[in-house]
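Enquirer: below is the sequence, then the predicted model.
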There are 2 protein chains.
Amino acid sequence: MGFDGDDTLWHNESIFSMTQERFRTILGGIDAAEVDRRLLEAERRNLGLFGYGIKGFVLSMIETAIEVTGGEVDARDIQTLIDCGKSMLAHPVELLDGVAETVEYLANSHRLVLITKGDLFDQESKIARSGLADLFDRIEIVSEKDPETYRRVLARHDIEPERFLMVGNSVRSDILPVLEIGGQAVHVPYHITWAHEHVEPPAEGYRRIEGMAELTGVIAAL
Amino acid sequence: MGFDGDDTLWHNESIFSMTQERFRTILGGIDAAEVDRRLLEAERRNLGLFGYGIKGFVLSMIETAIEVTGGEVDARDIQTLIDCGKSMLAHPVELLDGVAETVEYLANSHRLVLITKGDLFDQESKIARSGLADLFDRIEIVSEKDPETYRRVLARHDIEPERFLMVGNSVRSDILPVLEIGGQAVHVPYHITWAHEHVEPPAEGYRRIEGMAELTGVIAAL
C-alpha cells in the first residue's frame, strides 16, 4: 500500500493557503483575485525549473509581487515573504484525523510505502517530525507523480501493480496515474486543492472515502 | 563505487561563483568582501530550513541584499537575482575532463552508485542531462552526506562498507564520512570549494588525484 504525505497524512495546503492570504494582505492595493491569478501563473511558469515545494512558492510570490506592483514593492515586504516561507518550513506537522491509528493498524498487515513529492529536505524533515516514519517499509520522495514514477518505484520494490493500492488526496497525482498502470486507489479528498492539482475525478475505477478513519473498512472489504 | 555529482562529474561551484560575482556587482556600493561574508552568514543560518541547492541560495542572496542595503535594494535588482537562479537551474550540464571515458570504463567492471546532495528536482534534471544516468546502477539523491547517510545507502544496496570506494571533490562530504564508516575514498579536488564545505583534509587514509583521468590507474593499483 502506498500513502501520499501532504494533505493525506498531514496538513499542507492549508499552510500554503494561510500564506497566500497574507500575501494578498501585503499587496493590499491590488485586487485579490488578480493577485491569485498572477501567482498561479507564476507558479505554473516556474514549475519546470523550481519543481514543487515551499522555496519555489516563495520565489514565485516574490516574482508576482514585483510584477503586479510594477517594481514598486518595498524590500521589507519581500523580506516578509521570505519569513513566511521560513515559518512554513518550520511549521509543526499536524496529522489529519484518524491517520495515526489507521497507519499503525495497517502496518501490521501490509507493507506500507510513503510516496510523496516536493522538496527533498522539507519532506524528509516532515516525515521525521510526523512520528510515522517507522511504520513505513520504504519512503520515496519523488519530483513528479506520473505513471512512470509509480512504475519505477514499484519495480524497485518488486511489487506487482495489480497488488498495489495507493491512498491519497490528489486525483491528479495519487489516483489517475496508479489506475493507469493497473493499480488500485482510494481517494481521500482534502478540503482545499491547489488549483494546479485540480482535475475532474473519473466516474469509476477507484474508491472514495471522506476521512482516513474509513480506510480500514474499505481495505477489509476488498 | 560511489561517485559524487556536483564538481566531481560536472561543473557546479563555478556557476555559483559566477552568480555571486554578479551579486557583488548588483550591490556595487558595498564592499565585496563584506557582501561575501554576509551572504555566507545567511546561507549558514538558512541551511537548516532551506537545505542545499540553488533556490535556497537565491533566497539567501535576496535576504542579504535587503539586509546590507537597509531595505533600500530596488525590486528590479531582486528580480535580477531570481533570474540568475533560473539561469543557474537551466544551465547546461558540463562534464569535467575525463569523466565520460572514466565512468564508462569503470561501469564495465564495477557497480556504480551516484550519491549526490541538493534539490531533488534540480539534481534529477542534471543527471538526466549529463548523459551518464544509464552507467549508474543506482542514483541516490540525499539531503546531507554524513556517516549515517552512507550507512543507510550502503545497507539498502547490501554493500559492505569495506568493499565500497567513494570518489568526490568534497573532503567534508565525500571523504571523511566514508572513511569513518570503514570505506575507502579518492579525493578529486575541484578548483573552487564553497566556504561551507571547506575542511582541512586528513593527512592519510585516502588517495588524492588531480583529475578523473587518473582514477582508473588508482583503481587498478588497489
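Expert: That came through fine.

Enquirer: and stretch A:208-216, how far out from the chain middle?
Expert: Relative to the chain's own centre, stretch A:208-216 is displaced by 18 Å; criterion: CA atoms, centre = their mean, to the nearest Å.

Enquirer: contact partners of it?
Expert: The contact list for stretch A:208-216 (CB atoms under 8 Å, 6 or more residues apart in numbering or on different chains) reads A:8, A:96-99, A:101-102, A:105-106, A:167, A:186-189, A:201, A:218. Backbone N, C-alpha and C define where each C-beta goes, glycine included.

Enquirer: closest one of the residues you listed to residue B:123?
Expert: residue A:8 (25.2 Å; CB to CB).

Enquirer: and the pLDDT at that closest one?
Expert: pLDDT for residue A:8: 97.

Enquirer: hang on, it is in a strand, isn't it?
Expert: No: counting by DSSP: H, G, I helix; E, B strand; the rest coil, residue A:8 falls outside a strand, being coil.

Enquirer: can you get me a residue count around it?
Expert: 25 (other CB atoms under 10 Å in any protein chain shown).

Enquirer: touching, it and residue A:169? I think so.
Expert: Yes: using CB atoms under 8 Å, residue A:8 is in contact with residue A:169, at 4.8 Å.

Enquirer: joint contacts of those two?
Expert: A:188, A:190.

Enquirer: next step: the contacts of stretch A:208-216 restricted to strands.
Expert: Residues of these located in strands (DSSP state E): A:167, A:186, A:187.

Enquirer: chain B contacts on chain A?
Expert: A:46, A:49-53, A:55-56, A:58-59, A:62-63, A:65-66, A:69, A:71-76, A:78-79, A:82, A:85-86, A:89-90, A:119-122, A:124, A:141-143 (CB under 8 Å from any CB of the partner chain).

Enquirer: among those, which ones are buried?
Expert: Buried members of the residues of chain A next to chain B, counted by 16 or more other CB atoms under 10 Å in any protein chain shown: A:46, A:49-53, A:55-56, A:58-59, A:62-63, A:65-66, A:73, A:75, A:78-79, A:82, A:85-86, A:89, A:119-122, A:124, A:141-143.

Enquirer: so where do the helices sit in chain A?
Expert: A:13-26, A:32-50, A:54-68, A:75-90, A:99-107, A:120-130, A:147-156, A:176-180, A:215-221 (DSSP state H).

Enquirer: would you mind listing the outside residues contacting the fifth one?
Expert: Contact with helix A:99-107 is made by A:1, A:3, A:9-10, A:112, A:131-132, A:135-136, A:212-213, A:215-216, A:219, as judged by CB under 8 Å, 6+ apart.

Enquirer: what mean pLDDT would you report for that helix?
Expert: 97.

Enquirer: buried deepest among the helices of chain A, which one?
Expert: helix A:54-68 (a mean of 24; mean count of other CB atoms under 10 Å in any protein chain shown).

Enquirer: what angle do that helix and helix B:75-90 make?
Expert: Using axes from the mean of the first three to the mean of the last three CA atoms, to 10 degrees, the interaxial angle of helix A:54-68 with respect to helix B:75-90 works out to 140 degrees.

Enquirer: got the angle for helix A:54-68 vs helix A:32-50?
Expert: Using the same axes, to 10 degrees: helix A:54-68 against helix A:32-50 is 130 degrees.

Enquirer: quick one: mean pLDDT for helix A:54-68?
Expert: For helix A:54-68, the per-residue pLDDT averages 97.

Enquirer: okay, now the domains of chain A?
Expert: A:2-10+A:93-221, A:13-90 (automatic domain parsing).

Enquirer: end to end, how far does the shortest one reach?
Expert: According to CA to CA, to the nearest Å, domain A:13-90 extends 15 Å from its N-terminal end residue to its C-terminal end residue.

Enquirer: same question for stretch A:157-169.
Expert: 23 Å.

Enquirer: before we move on, what about stretch A:79-98?
Expert: 37 Å.

Enquirer: let me know the closest of the contacts of stretch A:208-216 to chain B.
Expert: residue A:8 (19.1 Å; CB to the nearest CB).

Enquirer: OK, contacts around that closest one?
Expert: Residue A:8 neighbours (CB under 8 Å, 6+ apart): A:96, A:167, A:168, A:169, A:174, A:188, A:190, A:212.

Enquirer: list the contacts for the fourth one?
Expert: Residues in contact with residue A:169, defined by CB under 8 Å, 6+ apart, are A:4, A:6, A:7, A:8, A:187, A:188, A:189, A:190, A:193.

Enquirer: ditto for the second one
Expert: Residue A:167 makes contacts with A:1, A:2, A:3, A:4, A:8, A:174, A:185, A:186, A:188, A:215, as judged by CB under 8 Å, 6+ apart.

Enquirer: just the buried residues out of the contacts of helix A:99-107, in PyMOL syntax.
Expert: Buried residues among those (16+ other CB under 10 Å), as a PyMOL selection:
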select buried, chain A and resi 1+3+9+10+112+132+135+136+212+215+219
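
Enquirer: determine which two of the contacts of helix A:99-107 are furthest apart.
Expert: A:131 and A:219 (21.8 Å).

Enquirer: test my guess that residue A:36 contacts residue A:21.
Expert: No: counting by CB under 8 Å, residue A:36 does not reach residue A:21; the two are 10.2 Å apart.

Enquirer: just tell me which of the domains of chain A ends up closest to residue B:27.
Expert: Across those, closest to residue B:27 is domain A:13-90 (CB to CB), at 12.5 Å.

Enquirer: how far away from the center of its chain is the closest one?
Expert: 18 Å.

Enquirer: just to check, residue A:76 is in contact with residue B:63?
Expert: No: Residue A:76 is beyond contact range of residue B:63, at 11.8 Å (criterion: CB under 8 Å).

Enquirer: flag the shaky bits of chain A, pLDDT-wise.
Expert: Residue ranges of chain A with pLDDT under 70: none are present.

Enquirer: quick check: nearest residue in space to the residue lying farthest from the centre of chain A, chain neighbours excluded?
Expert: Ranked by distance from the centre of chain A (CA atoms, centre = their mean), the top residue is residue A:72, with 32.9 Å. Sequence neighbours aside, residue B:75 is the residue nearest to residue A:72 in space, at 6.9 Å (criterion: CB to CB, 6 or more residues apart in numbering or on different chains).
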